[in-house]
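Engineer: just coords:
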């Protein structure tokens, strides 16, 4: 069997899982009561809910806000962003609002099961099929991305970008001879390079911000691809591969080895602060999605001069998909304004303004690569040829209940580093939520 999935195969596979969502109680009621809405006199507001608060991602969002304000100057934009990488905090706040009947006008959500198995399944969303058709997006959006945001005959959200989740970011001034991007890019060589950097006096050569635990899930999912290959990894969500396979423990062992080289405060910081350690030179590398590039460039670092980005160790020729989208909640207080926002998100102008700042590549195929930096241009080219793998940590591969349980388990793994225990617990999660 070929190691490459076509984009259509990718989205068919990632759209098969079902999910469950556990929603709050008294605390949920409290947060819902505090949620903002339109203040009386018609549709004059636009409340956009996201978790984009760090450098790069916040700048990209601001660029789309500028476009919207130029088109609809009388509308007041309410930026309801909640800090916390990968939406670790925002998703909980959103759940309480949606459950309490206080939705924002539109909200950021990862394509795939994060949307389909939760809010679409719960009948909390309006389809945007008519918007998609009226804007002519079939001619400029890849069919695979349309499929992943669709269920049945309807489209439920518009992709604004495509991120790469399996990326290694390197401080070129600190890399020296210990870590040379593009040479021997496998897990064993990577660990050897980290060991050399530590022996040379760098206490934490691998920067990690694991607040919320999803960042460790990213290390695990990338290592699963590295040790088992793309077909093995994708098969974990279709039943073709087993969660009791020895590759699971091998991937965990590599995570355990990586933890020997990370900063001791990792559990109290997030991905952007870890990226800051790389820029400051107290660490030499970090493994993170390409939103880290947006952070670096927002802080005046130059791609392929001050830093570079390559596939994370052992994952060359694969592309871990992370895709952000926006949809239309039922009961949106400012529905007409929300529809106009969705149109901006899917527009060529919006994606050309948003993605260079965010660090991602556009979902649209008609945005010129020339406006992007050298790393993004490389990633755009690799996306067209690499084998696609869906991210667990970012909502495409599995339902939220499995991803949440895995995040919790990986948080425990950082503390206990018990490979056998975590492997057993992960297999139990798969039995509960993936069958």
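Structural biologist: Everything's here; your move. No experiment lies behind these values; they were computed from the predicted model shown. Numbering: from 1, shown residues only.
Engineer: per-residue confidence for residue 33?
Structural biologist: On pLDDT, residue 33 comes in at 34.
Engineer: go on, residue 160?
Structural biologist: Residue 160 carries a pLDDT value of 97.
Engineer: ok, longest helix in this protein?
Structural biologist: helix 214-235 (DSSP state H).
Engineer: how far does that one sit from the chain's center?
Structural biologist: Centre-to-centre, helix 214-235 and its host chain are 14 Å apart (C-alpha atoms, centre = their mean, to the nearest Å).
Engineer: that helix: what's the following helix or strand?
Structural biologist: helix 246-258 (DSSP states H and E).
Engineer: for that following helix, the averaged confidence score.
Structural biologist: Per-residue pLDDT values over helix 246-258 give a mean of 98.
Engineer: in that helix, what's buried?
Structural biologist: Neighbour-count burial for helix 246-258 flags 247, 248, 249, 250, 251, 252, 253, 254, 255, 256, 257, 258 (criterion: 16 or more other C-beta atoms under 10 Å). No exception for glycine: its C-beta is placed from N, CA and C like everyone else's.
Engineer: equivalent analysis for stretch 115-127, please.
Structural biologist: So for stretch 115-127, counting by 16+ other C-beta under 10 Å, buried means 115, 116, 117, 118, 119, 120, 121, 124, 125, 126, 127.
Engineer: low pLDDT regions in this protein?
Structural biologist: 1-43, 176-184 (pLDDT under 70).
Engineer: let me see the domain layout of it.
Structural biologist: What the record gives for the chain is the domain set 14-162+324-367, 165-320+392-433, from automatic domain parsing.
Engineer: mind checking how far the last one is from the chain centre?
Structural biologist: Domain 165-320+392-433 has its average C-alpha position 13 Å from the chain's average C-alpha position, going by C-alpha atoms, centre = their mean.
Engineer: the shortest one too?
Structural biologist: Centre-to-centre, domain 14-162+324-367 and its host chain are 14 Å apart (C-alpha atoms, centre = their mean).
Engineer: where does residue 204 fall, helix, sheet strand or coil?
Structural biologist: Under DSSP: H, G, I helix; E, B strand; the rest coil, the three-state class of residue 204 is coil.
Engineer: now do the phi/psi pair for the nearest residue to residue 394 once chain neighbours are set aside.
Structural biologist: Distance criterion C-beta to C-beta, 6 or more residues apart in numbering; nearest residue to residue 394, sequence neighbours excluded, is residue 322 at 4.2 Å. Here is the backbone geometry of residue 322 (degrees, to the nearest 10): phi -130, psi 120.
Engineer: who is residue 322 paired with across the strands?
Structural biologist: residue 163 (DSSP bridges).
Engineer: how many residues are close by it?
Structural biologist: 26 (other C-beta atoms under 10 Å).
Engineer: where's stretch 304-321 relative to the chain centroid, distance-wise?
Structural biologist: 15 Å.
Engineer: so how far is the first residue of it from its last?
Structural biologist: 23 Å (C-alpha to C-alpha, to the nearest Å).
Engineer: now do the buried residues in that stretch.
Structural biologist: 306-315, 318-321.
Engineer: swap in stretch 291-304?
Structural biologist: Neighbour-count burial for stretch 291-304 flags 291, 292, 293, 294, 295, 296, 297, 298, 301, 303 (criterion: 16+ other C-beta under 10 Å).
Engineer: ok, back up a step: so which of the buried residues of stretch 304-321 are in strands?
Structural biologist: Using DSSP state E, the members of those that fall within strands are 307, 308, 309, 310, 311, 318, 319, 320, 321.
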